[in-house]
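Participant: Need a 3D model of the sequence below.
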Amino acid sequence: MKCLVVKTHPLSNSLCSSLTERTIRKLQAAGHSVLVEDLYDQSFGPSLTEAERRSYYDGPYESELVASQVERLLEAEAVVLLFPTWWFGFPAILKGWFDRVWAPGVAYDHADRYGPIKPRLTNLRHMLAITSLGSPWWVDRLVMRQPVRRVLKTAIVGTCAPNCRFRMLSLYRSEQLSQGQVERFGVRIEQALREWPV
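Facilitator: Residues are numbered from 1 along each chain as shown. Model prediction:
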């Protein structure tokens, strides 16, 4: 498959970076075609421009400044997101990627009278979200009720790519991990990717 790997971390020596490298190696070894979207390396601007926001409803969407990112998203049959969860949400740069790239006319179409949006990402078959959190699992799951997972699965993938199979892997207490714990999580990533058809 054509796989888009979206990396979101400002540090080149981060846990997110090492997990990204491992993910890319696994995908390539399985025979997938891999494109990497390193948002920090690209200095991707997360803020909608005035022209982009105006064109959200007065289309067509003004995608000139994000044309290459839009093209890579539209070509993807699978997406892997690798990012830290900060304050139980997306890093700002990743949220901006959704705002600016998963836009009307790209990921969805507006319905008449502001009804439910109409999905456009019919080519997207798989998404794997890989994230790290400093908190323990019970805070994310029992107290916060997994806000990032719910937004991704229901609000983003569920509405823009309803035929996409979504899975999320979360690594908790990320500042206190042993090398063995990181390795076991890496094995879980590889097992999840092994289920994807070539």
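
Participant: and I24, how far is that from P10?
Facilitator: Plainly put, I24 is 19 Å away from P10 if you go by Cβ to Cβ, to the nearest Å. For glycine as for every other residue, the C-beta is placed from the backbone atoms N, C-alpha and C.

Participant: Which one's more surrounded, these two?
Facilitator: I24 (18 against 13; other Cβ atoms under 10 Å).

Participant: Let me see the confidence value for the more buried one.
Facilitator: We have a pLDDT of 97 for I24.

Participant: hey, where'd the helices end up in this protein?
Facilitator: Using DSSP state H, the helices of the chain run over 15-29, 50-55, 67-75, 92-101, 137-138, 147-150, 158-160, 179-194.

Participant: Put together JSON lines for these, with distance to K2 on each row.
Facilitator: Converted to JSON lines, these look like this (distance: least, Cβ to Cβ, whole Å):
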{"stretch": "helix 15-29", "distance to K2": "10"}
{"stretch": "helix 50-55", "distance to K2": "26"}
{"stretch": "helix 67-75", "distance to K2": "5"}
{"stretch": "helix 92-101", "distance to K2": "16"}
{"stretch": "helix 137-138", "distance to K2": "33"}
{"stretch": "helix 147-150", "distance to K2": "25"}
{"stretch": "helix 158-160", "distance to K2": "17"}
{"stretch": "helix 179-194", "distance to K2": "14"}
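
Participant: So which of those is nearest L121?
Facilitator: Each of the helices of the chain has some distance to L121 by Cβ to Cβ; the shortest is helix 158-160, at 4.9 Å.

Participant: Perfect, I'm done here.
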